[in-house]
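Undergrad: What follows is a predicted structure for the sequence shown.
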Amino acid sequence: MSGELDFIAALRGIATHPAARGLTDDAAVLKVGGETLVLTHDMMVEGVHFLSTQDMADVAWKLVATNMSDLAAKGATPVGALLGHMLGGDDDRFVDGLREALAHYNCPLLGGDTVSGGSPHSFGLTAIGRATHSPVPSRADAKPGDGLYLLGTVGGAMMGFEALRGGLETDTSAYRRPVALLSEGQALAPHVSAMMDVSDGLLLDASRMARASGVSLEINRERVPLGCSATRRDDALRWGDDYALLFTASGELPDLGATKIGYVVEAADAPILLDGEMLSEDDGLGYQHG
């Protein structure tokens, strides 16, 4: 077994409950009585997801926001969160940031676990949401002929990371404190055929949507909205941490400022057609673990 994709493939033999959605989605979707719950879990590791020199309040904020973004992609509203925390960093600042982020998203802390440990530090958060629309959007229902849209921009987190790492006096908030598009996801849920958030890079995440849906996605490079200079466009298409919403739709949409960046087409020899060039995961589409 080598790397993230092989490990997830092995887990699919265990995750056979319908709520798991074959481990091809942003979150689990579990029906309990008359409610449909959305459950997601994200982790952050020092040196991988944040710099060791960062304010731990920002780390806590980002941990919450990444989970809220998964709920946004399902059109869900937060119900609560469970925290997994490794002691030993600036725990007081982490609590400050956690309190601020949970209040921002109106998401109560319900419990969790703490452990001691050394460097690198790691943290996890499980978020529980309530679906606001049925069926709950997935990655797997994009249809040929649908338009492909992006709500938000890409490249801003890349610029923030580079500035933070280099100690530059510029705005780094796009990387330190991303904002999950919760209300926008709820507004879009009744109108989309497929939806996910962009966390590992636009091209890589688009390829995941294409694979799950059994289609290819045709993307116009120049149409993709940027949070950075156009000279960094190709880098921005592959850099993660922007938490925009990528979705497909065929009808009218609420006026939220989304940009149409392409179309869904019949499955080709590769999941992505970038200005007509076929690209697959082997072409370095974004960030993958392992």
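TA: Arrived safely, thanks for sending.

Undergrad: Domain ranges for this protein, per the record?
TA: 4-131, 147-283 (automatic domain parsing).

Undergrad: which residues in the protein form strands?
TA: For the chain, applying DSSP state E gives strands covering 28-32, 35-45, 76-87, 109-116, 122-131, 147-151, 194-198, 215-219, 244-249, 259-266, 272-274, 277-279.

Undergrad: Send over the third one as PDB, restricted to the C-alpha atoms.
TA: Looking back up the chat, that one is strand 76-87. The C-alpha trace of strand 76-87 is given here as PDB (Å, rounded to 0.1, in the frame of the first residue of the first chain):
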ATOM      1  CA  ALA A  76     -25.800  21.900   5.600                       C
ATOM      2  CA  THR A  77     -26.100  24.000   8.700                       C
ATOM      3  CA  PRO A  78     -23.800  23.300  11.700                       C
ATOM      4  CA  VAL A  79     -25.100  21.300  14.700                       C
ATOM      5  CA  GLY A  80     -22.000  20.900  16.700                       C
ATOM      6  CA  ALA A  81     -18.300  19.800  16.700                       C
ATOM      7  CA  LEU A  82     -16.000  17.400  18.500                       C
ATOM      8  CA  LEU A  83     -12.300  18.300  19.000                       C
ATOM      9  CA  GLY A  84      -9.200  16.100  19.000                       C
ATOM     10  CA  HIS A  85      -6.400  18.200  20.600                       C
ATOM     11  CA  MET A  86      -2.700  17.500  21.100                       C
ATOM     12  CA  LEU A  87      -1.500  19.400  24.100                       C
END
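
Undergrad: follow-up on the earlier one: closest to Pro137 out of the domains of the chain?
TA: Taking C-beta to C-beta, domain 147-283 is the member of the domains of the chain nearest to Pro137, at 4.1 Å. C-beta here means a position set from N, CA and C on the backbone, and glycine is covered the same way.

Undergrad: Report the contact partners of the closest residue to Met159 other than its chain neighbours.
TA: Closest residue in space to Met159, ignoring its immediate chain neighbours: Cys228 at 4.7 Å, by C-beta to C-beta, 6 or more residues apart in numbering. Cys228 sits next to Gly155, Gly156, Met158, Met159, Asp235, Ala236 when contact means C-beta atoms under 8 Å, 6 or more residues apart in numbering.

Undergrad: looking at it, the third one is touching Asp235, isn't it?
TA: To tie it back to what came earlier, the one meant is Met158. Yes - taking C-beta atoms under 8 Å as the definition, Met158 is a contact partner of Asp235 at 6.3 Å.

Undergrad: Comparing these two, which shows the higher neighbour count?
TA: Taking other C-beta atoms under 10 Å, Met158 and Asp235 do not tie; Met158 has more neighbours (23 against 16).

Undergrad: where exactly do the helices run in the protein?
TA: Using DSSP state H, the helices assigned to the chain run over residues 4-11, 56-72, 91-104, 156-166, 173-176, 182-188, 202-213, 233-236.

Undergrad: Counting by contacts, list what the fifth one packs against.
TA: So that's helix 173-176. In terms of contacts (3 or more C-beta pairs under 8 Å, 6 or more residues apart in numbering; DSSP states H and E), helix 173-176 is packed against helix 56-72, helix 156-166.

Undergrad: who's in contact with it?
TA: 54-55, 58, 61-62, 156-161, 164, 227, 241-242.

Undergrad: ok so, going back, dump the domains of the chain to CSV, plus mean pLDDT.
TA: CSV is the format used below for the domains of the chain (pLDDT from 0 to 100):
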stretch, mean pLDDT
domain 4-131, 91
domain 147-283, 95
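
Undergrad: Which of those has the highest mean neighbour count?
TA: domain 147-283 (a mean of 19; mean count of other C-beta atoms under 10 Å).

Undergrad: and the domains of the chain as JSON lines, adding distance to Arg139?
TA: Supplementary listing: the domains of the chain in JSON lines, determined by distance: least, C-beta to C-beta, whole Å:
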{"stretch": "domain 4-131", "distance to Arg139": "5"}
{"stretch": "domain 147-283", "distance to Arg139": "4"}
